[in-house]
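*Asks:* One predicted model, sequence on top.
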Amino acid sequence: MWRRRREWDDGDDTDGDRAWKEFGSQAESRARAESRAQEGRRAREERRGWLRWCPRLRTVLLVPLLIYISVPILIRLFPVLLTKFVYLNFLAFPFFVDFRQPELLLNNTINLYLTTEPGVMVGIWHTVPNSRGAEAQGKDQKWYEKALGDDHPVIIYLHGNGGTRAARHRIQFLKTMGAAGFHILALDYRGYADSSGQPTENGFTTDVLALYDWAKARSGNSIILFWGHSLGTGIATNAARKLQEERGVQVDAIVLESPYTNIREAAAHIPLTKIYRHFPGFEYLILDSLALGDMFFRSDENVQVLSCPLLILHAEDDSILPPLLGRKLFETARSAYKDKTKVKFITFPKKLGLGHDYISFNPEVPALVKDFLNIK
């Protein structure tokens, strides 16, 4: 009996033992299956999460790409869009300026308006030399007009794109040159500030020549010079060339501050176009579209025709229009001028930090201009 009991104990499992083992095995299998199911659900949830984010990610990546690609195409199809980028006349900063009251920003200055052609009236500030500041107090426009004939040199100031004659660096120019004994007529071209009309290259020339005629009729024997800055340098050479070719009259001198050779080459160098310089069709879609928008500003061609004294000023740290453009323009002019002494190029070192807009902040500028023009 005992031996049989032992044999039974030491032998195969009973049905109950096998049932318990099978039950445990099934439970373990179910647990593993449930674990795998949970892992599957988590994976599916993660995938669904990525799927939810994918459309947003595609949008975030696709929209800038579409804009980047579409801008050059739209410019080619609608060149008028490019004129907005070039002229920036819609950026009328500083805002909320009362142009009729320049005395709020400047001494010895009066506001006036000039009709340059039917339907176009441009705003102008006239600053008289500081030496006449005491006399100018409370005087009207007639006094200012008469003052133009006092033998002080007269600058017709042609600003760059964007902003108005009230911009900070332009105000500083009026102060600097007024203190140096110059009259300054600061013009806002058609479409800028409080001037009527729409900006066009030919229209700018019309505005400048109308102001030149107005000033010439009142300035007697005073020197009149065109001073262009940035975009205004092309406007200055356009006006001077037309004055010479169509009337046989030379402006007394031209000063070009931060100039370029022509608008096409300028557009190829400004920071705004940097992201497109390696874009397929950059020249065709963007640069060639400037001509479709009737924008040329060919200073490099104009200076080959001119013969009046020409002074070019450029800062070495100009990040908008690099000084190589100013030097190239100088070399073109110098090779064309018979009298090489009439052309001069002055650069300002990086350490001065004058950049594109602030050459007029350098107190040495008036003396440099006077020395070049032989003005005491």
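*Replies:* Perfect, thanks for sending it. Residues are numbered from 1 along each chain as shown.

*Asks:* what sits against residue 261?
*Replies:* 299, 300, 325, 328, 329, 332 (CB atoms under 8 Å, 6 or more residues apart in numbering). Any C-beta I mention is one placed from the backbone N, CA and C, and that applies to glycine too.

*Asks:* which residue sits closest to it in space, ignoring its chain neighbours?
*Replies:* Spatial nearest neighbour of residue 261, excluding adjacent residues (CB to CB, 6 or more residues apart in numbering): residue 300 at 4.1 Å.

*Asks:* The chain: helices as residue ranges?
*Replies:* Under the criterion DSSP state H, helices of the chain are mapped to 2-10, 15-77, 80-87, 133-136, 141-147, 168-179, 201-216, 231-247, 263-269, 282, 289-292, 299-302, 323-336, 365-373.

*Asks:* could the ones you listed be laid out in CSV, adding distance to residue 308?
*Replies:* Below are the helices of the chain laid out as CSV (distance: least, CB to CB, whole Å):
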stretch, distance to residue 308
helix 2-10, 125
helix 15-77, 36
helix 80-87, 27
helix 133-136, 30
helix 141-147, 25
helix 168-179, 19
helix 201-216, 13
helix 231-247, 7
helix 263-269, 22
helix 282, 36
helix 289-292, 27
helix 299-302, 11
helix 323-336, 11
helix 365-373, 11
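
*Asks:* want to throw the ones you listed into CSV with distance to residue 275, mean neighbour count and mean pLDDT?
*Replies:* Shown next, in CSV, are the helices of the chain (distance: least, CB to CB, whole Å; neighbours: other CB atoms under 10 Å; pLDDT from 0 to 100):
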stretch, distance to residue 275, mean neighbour count, mean pLDDT
helix 2-10, 87, 8, 46
helix 15-77, 7, 11, 71
helix 80-87, 13, 17, 94
helix 133-136, 48, 14, 96
helix 141-147, 47, 15, 98
helix 168-179, 27, 20, 97
helix 201-216, 26, 20, 98
helix 231-247, 21, 22, 98
helix 263-269, 13, 19, 97
helix 282, 10, 15, 94
helix 289-292, 16, 18, 96
helix 299-302, 26, 24, 98
helix 323-336, 20, 19, 98
helix 365-373, 34, 16, 97
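
*Asks:* can you tell me which of these comes nearest to residue 158?
*Replies:* helix 231-247 (3.4 Å; CB to CB).

*Asks:* Which other helices and strands does that closest one contact?
*Replies:* strand 154-158, helix 201-216, strand 224-229, strand 253-257, helix 299-302 (3 or more CB pairs under 8 Å, 6 or more residues apart in numbering; DSSP states H and E).

*Asks:* and residue 98, which of the ones you listed is closest to it?
*Replies:* It is, among these and with distance given as CB to CB, strand 154-158, at 20.0 Å.

*Asks:* when you compare where the closest one runs with where helix 201-216 runs, what's the angle?
*Replies:* 160 degrees (axes from the mean of the first three to the mean of the last three CA atoms, to 10 degrees).

*Asks:* packing partners for strand 154-158?
*Replies:* helix 168-179, strand 183-188, helix 201-216, strand 224-229, helix 231-247.

*Asks:* now with 6 Å?
*Replies:* If you count contacts as 3 or more CB pairs under 6 Å, 6 or more residues apart in numbering; DSSP states H and E, strand 154-158 packs onto strand 183-188, strand 224-229, helix 231-247.

*Asks:* who wins for proximity to residue 147 among the helices and strands packed on helix 231-247?
*Replies:* Residue 147 lies closest to strand 154-158 among the helices and strands packed on helix 231-247, at 10.2 Å (CB to CB).

*Asks:* tell me the mean pLDDT for that closest one?
*Replies:* On average, the pLDDT along strand 154-158 is 98.

*Asks:* Quickly run through the sheet partners of that strand, with directions.
*Replies:* According to DSSP bridges, strand 154-158 forms sheet pairs with strand 183-188 (parallel), strand 224-229 (parallel).

*Asks:* Of those strands, which is nearest residue 159?
*Replies:* strand 224-229 (5.7 Å).

*Asks:* got the angle for that closest one vs helix 168-179?
*Replies:* 150 degrees.

*Asks:* how far away is the residue lying closest to residue 130 once chain neighbours are set aside from residue 34?
*Replies:* Excluding its sequence neighbours, the residue lying closest to residue 130 (CB to CB, 6+ apart) is residue 179, at 4.8 Å. Taking CB to CB, to the nearest Å as the measure, residue 179 falls 89 Å from residue 34.

*Asks:* same question, residue 283
*Replies:* From residue 283 to residue 34 the distance is 66 Å (CB to CB).

*Asks:* Check residue 212 too.
*Replies:* On the measure of CB to CB, residue 212 and residue 34 end up 92 Å apart.

*Asks:* again, but for residue 234
*Replies:* 79 Å.

*Asks:* for residue 94, same thing?
*Replies:* Distance from residue 94 to residue 34, by CB to CB: 71 Å.

*Asks:* what comes up buried for stretch 293-311?
*Replies:* By 16 or more other CB atoms under 10 Å, the buried positions in stretch 293-311 come out as 293, 295, 297-303, 306, 308-311.

*Asks:* What is the most widely separated pair among these?
*Replies:* Taking CB to CB, no two of these sit farther apart than 293 and 309, at 32.2 Å.

*Asks:* burial count for residue 90?
*Replies:* 10 (other CB atoms under 10 Å).

*Asks:* Make 788 the starting number, not 1.
*Replies:* Sure thing, new numbering starts at 788, so read that last one as residue 877.

*Asks:* What residues does it make contact with?
*Replies:* Residue 877 makes no contacts at all, as judged by CB atoms under 6 Å, 6 or more residues apart in numbering.

*Asks:* Cool, thanks, talk later.
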